[in-house]
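K.L.:
coords below, sequence missing:
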């Protein structure tokens, strides 16, 4: 019971007191190693300072020392949720520099792999949004589906997470019948699970209350912050590299670009949901239209010859040696190539001085660019909303820190 | 971007900033304009506002070190999302005194891009709100992406590439 003397004793503090909270370094809700120091007024965030760079591995510097084919594994480790897009983006950059004509079949196979990668990327992001709102069930369902895609990767290139898929010029081998079987299995099973996941969350009252109007950003601000990918489209800007500057025959497929209106967590979730459906449709179209032909281009200076040829033909042996030792020179030039990565415009700005390694390789990492808007997006919101905003932006530490 | 459009853009820029343009090229069909360093921000602002150009999206900001020329080149890549035009602007700064103005008043995205460029190349962007290292530790005293810092330990003797026609000096690069 309050009495008057207690009220008399109480004095307003002369200055407003804020508390400071460390979100990160290894908080489970950050899904990666980066820190945010939050200045808080009660549970409301007044200001925040993000610190990044804890897993910086100097990719750009490493790339200046490595021959072109040895840079592919580096790109795996950027956005490791959709590594094949990074690999193929890099292959295409080098092919653009060399001026290589890529067979239609390779382009279609690449589209299939890249869209599978986009699905895994979005699937994890959306499942994690579910987890952060307290709905763990959907996460387990979706992770099972990711496993199916990883088995497809395994069948195609032998690896699961850091795929190093393909070569400069094409694929190391054609898709095996088993790989096609697994792709077809995924195409059959995934839409059902995706729909179930959608039913669980997208019209769920609790989920909607937690996500609508949380961490929103306007289209103008998003453009000023150079957002790209689903985060930009959720803010209502229909920019997609696949449509703006089609690469790898994306112009042959019929698909739509979902956009949101508010740029909030719910819109980002819904845009990713729809993009997964569009990706499925692209994969189906690519399989239907898949042309026959070779699974790699004729670039003997970059594409490893088959092993039997290496043992029996002089020419193949020489090329094998040159490729493995990184002795193939490339033309001088300056190219910028970008692909639509899981998180947005993934760009490779490559300057070659004609030597065995790039003179300079700059990686445009979409995460790094849009994560700087995070303090602005969470200002004035609750701590739990800040966590949701982060997971819905799909900040991947590997891509952030390069 | 087609050739007539590139010419149109260059003409728009020439109307006002003829003296600032040093060199124009189009490697791999990507319009690249080398400019004098003094008015770079003003020119980007001009391209941002001008109704014919409207380059309102900053794709990337990078630096390149040319040790032979003793220069650090800062590269801005801009994008007009409406017409899907891209342009690359370059300015060159001297190695010892790499100072230019900040782009943050025009593009909020330039904030971390400039911090990264400072972190790795030591380019100082005057007027930047918080020009600190971003990916490397604060205690670092060098700018590691400059070419004088080789990636590998130069005292290593077990890795002799001379049999491939490469001498140690080339290795250092």
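P.N.:
Noted; the coordinates are in hand. Here the structure is a predicted model, which means the values were calculated and not measured.

K.L.:
give me the buried positions along the longest helix seen in chain B.
P.N.:
For chain B, the helix reaching the highest residue count under DSSP state H is reported as helix B:3-17. Neighbour-count burial for helix B:3-17 flags B:6, B:9, B:12, B:13, B:17 (criterion: 16 or more other CB atoms under 10 Å in any protein chain shown). All C-beta spots, glycine's among them, are computed from the backbone N, C-alpha and C.

K.L.:
cool, stretch A:212-229 as well?
P.N.:
Residues of stretch A:212-229 classed as buried under the neighbour-count rule (16+ other CB under 10 Å) are A:214-217, A:219, A:221-229.

K.L.:
if we ignore the residues flanking it in sequence, what's nearest residue 113?
P.N.:
Using chain A. residue A:84 (4.8 Å; CB to CB, 6 or more residues apart in numbering or on different chains).

K.L.:
actually it's chain B I care about, not the one you picked
P.N.:
Leaving aside its sequence neighbours, residue B:113 sits nearest to residue B:61 (CB to CB, 6+ apart; 3.9 Å).

K.L.:
mind checking which helix or strand that neighbour is in?
P.N.:
strand B:57-66 (DSSP states H and E).

K.L.:
for residue A:185, grab the count of nearby residues.
P.N.:
13 (other CB atoms under 10 Å in any protein chain shown).

K.L.:
and the next helix or strand past the helix or strand containing it?
P.N.:
Using DSSP H and E, residue A:185 maps to helix A:177-201. Next in sequence after helix A:177-201, counting helices and strands by DSSP H and E, comes helix A:205-211.

K.L.:
after that next one, next one along is what?
P.N.:
helix A:219-224.

K.L.:
so for that following helix, mean pLDDT?
P.N.:
For helix A:219-224, mean pLDDT is 91.

K.L.:
next one: the next helix or strand after that helix to chain centre, how far?
P.N.:
Remark: after helix A:219-224, the chain's next helix or strand is helix A:230-234, criterion DSSP H and E. Taking CA atoms, centre = their mean, to the nearest Å, the mean C-alpha location of helix A:230-234 is offset from the chain mean by 13 Å.

K.L.:
picking up where we left off before, name the helices or strands packed onto the helix holding residue A:185?
P.N.:
helix A:104-132, helix A:137-157, helix A:265-289 (3 or more CB pairs under 8 Å, 6 or more residues apart in numbering or on different chains; DSSP states H and E).

K.L.:
the same query, at a cut-off of 6 Å, please.
P.N.:
helix A:137-157 (3 or more CB pairs under 6 Å, 6 or more residues apart in numbering or on different chains; DSSP states H and E).

K.L.:
the helix it packs on packs against which elements?
P.N.:
Partner elements for helix A:137-157 (3+ CB pairs under 6 Å, 6+ apart): helix A:104-132, helix A:177-201.

K.L.:
and the contacts of the shortest one?
P.N.:
Residues outside helix A:177-201 that contact it (CB atoms under 6 Å, 6 or more residues apart in numbering or on different chains) are A:130, A:138, A:141, A:142, A:145, A:148, A:151, A:152, A:155, A:156, A:207.

K.L.:
export those to CSV and tack on pLDDT and neighbour count?
P.N.:
Shown next, in CSV, are these (pLDDT from 0 to 100; neighbours: other CB atoms under 10 Å in any protein chain shown):
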residue, pLDDT, neighbour count
A:130, 90, 24
A:138, 87, 24
A:141, 88, 16
A:142, 89, 25
A:145, 91, 21
A:148, 92, 18
A:151, 93, 17
A:152, 93, 23
A:155, 91, 17
A:156, 91, 26
A:207, 91, 21
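
K.L.:
which of the residues you listed lies closest to residue A:62?
P.N.:
The closest of these to residue A:62 turns out to be residue A:156 (CB to CB; 25.8 Å).

K.L.:
can you give me the pLDDT of residue 21?
P.N.:
By default, I'm working from chain A. 88.

K.L.:
chain B was what I was after
P.N.:
pLDDT, residue B:21: 87.

K.L.:
now swap in residue B:161 and tell me
P.N.:
68.

K.L.:
I'd like the distance between residue B:23 and residue B:73.
P.N.:
12 Å (CB to CB, to the nearest Å).

K.L.:
the two - which one has more neighbours?
P.N.:
It is residue B:73, of residue B:23 and residue B:73, that has more neighbours when counted by other CB under 10 Å, with 21 against 9.

K.L.:
I figured that one hits residue B:64, correct?
P.N.:
Yes - at 4.6 Å, residue B:73 counts as touching residue B:64 under the criterion of CB atoms under 6 Å.

K.L.:
show the contacting residues for residue 55.
P.N.:
Unless you meant another one, I'm taking chain A. Contacts of residue A:55 (CB under 6 Å, 6+ apart): A:33, A:397, A:401.

K.L.:
to clarify, I was referring to chain B.
P.N.:
Residue B:55 neighbours (CB under 6 Å, 6+ apart): B:47, B:48, B:78, B:80.

K.L.:
neighbours around the residue nearest to it when sequence neighbours are not counted, how many?
P.N.:
By the measure of CB to CB, 6+ apart, the closest residue to residue B:55 outside its immediate chain neighbours is residue B:78, 3.8 Å from it. Counted with other CB under 10 Å, residues neighbouring residue B:78 total 22.

K.L.:
pLDDT-wise, which helix or strand of chain A ranks last?
P.N.:
In chain A, the helix or strand scored least confidently by mean pLDDT, DSSP states H and E is helix A:4-9, which has a mean of 67.

K.L.:
quick one: name the residues of chain B near chain A.
P.N.:
Contact residues (CB under 6 Å from any CB of the partner chain) of chain B with chain A: B:27-28, B:30, B:57-58, B:60, B:62, B:64, B:81, B:84, B:108-109, B:111-112, B:135, B:145, B:151.
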